[in-house]
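Colleague: All I have is the shape, not the residue letters:
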């Protein structure tokens, strides 16, 4: 069950997640991944407690409680199922199944592939029309910008943890994702990315995954701020 074929539902789920109109594929991959993780929980050595249980429990209970005073309880309950139920299934499944760098590289590759496809597809349409196409299969500017807010920091941090031969795809996805973010014209991307970049830098420094010097830090910070302001 730890072969690369067993990991296909997980990687496919990560790949299709940002694309609109892929609900059936997403749910199928999520259900298969979840039940595989449950069946192999102890065999995979996932005996450690799931992290962040109390904050997650508070968040889930708050969402469930909101149904009681909702204007449309039926709709709110369906949203709780989507935002809490499916999210926790994915959280538990990936925690149980992703155990080593090889599997991390698979997930990073799937995320990079989705980012590259969306960025290339979206930029191609932008070059033709001058604007990001809101009705295309890659998703509108708002949805894509939300995806990039998640994918870019994950790709940046993962690039420091995987083998050098895997990094070129991550770097390519980061560059094209940055350009695609500019093309969506969603201004909120830039302060969000700047904040994420700062947090990631502190985490990587504390974990000693990257080195730093006073001069280098000033230069990198100045470039990051300039890019965010220009964006």
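Modeller: Cool, got the structure. Keep in mind that this is a model prediction, so the values were computed, not measured. Numbers count the residues shown, from 1 in each chain.
Colleague: So which residues of this protein form helices?
Modeller: For the chain, applying DSSP state H gives helices covering 8-16, 23-39, 53-65, 73-80, 87-97, 101-129, 141-159, 164-184, 189-206, 214-230.
Colleague: Of all the ones you listed, which one is nearest residue 135?
Modeller: Checking these against residue 135 by Cβ to Cβ gives helix 101-129 as the closest, at 9.8 Å. For the C-beta atoms, the positions are set from N, CA and C on the backbone; glycine is no exception.
Colleague: quick revisit: comparing the helices of the chain, which gets the lowest mean pLDDT score?
Modeller: Of all those, helix 214-230 carries the lowest average pLDDT, namely a mean of 77.
Colleague: I'd like to know which elements that helix is packed against.
Modeller: Contact here means 3 or more Cβ pairs under 8 Å, 6 or more residues apart in numbering; DSSP states H and E; on that basis helix 214-230 packs against helix 189-206.
Colleague: returning to what we had before: got the helices of the chain as TSV, with distance to residue 135 and mean neighbour count columns?
Modeller: Output for the helices of the chain, formatted as TSV (distance: least, Cβ to Cβ, whole Å; neighbours: other Cβ atoms under 10 Å):
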stretch	distance to residue 135	mean neighbour count
helix 8-16	19	21
helix 23-39	18	16
helix 53-65	31	12
helix 73-80	24	14
helix 87-97	27	18
helix 101-129	10	18
helix 141-159	11	20
helix 164-184	14	18
helix 189-206	21	16
helix 214-230	28	11
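Colleague: close enough to count as contact, residue 170 and residue 159?
Modeller: Yes: the criterion here is Cβ atoms under 8 Å, and residue 170 meets it with residue 159 at 4.3 Å.
Colleague: what is in contact with these two at once?
Modeller: Residues touching both residue 170 and residue 159 (Cβ atoms under 8 Å, 6 or more residues apart in numbering): residue 108.
Colleague: If you tally nearby residues, what's the number for residue 100?
Modeller: Here the count is done by other Cβ atoms under 10 Å, and residue 100 has 8 residues near it.
Colleague: From residue 7, how far out is it?
Modeller: Per Cβ to Cβ, to the nearest Å, residue 100 is found 11 Å from residue 7.
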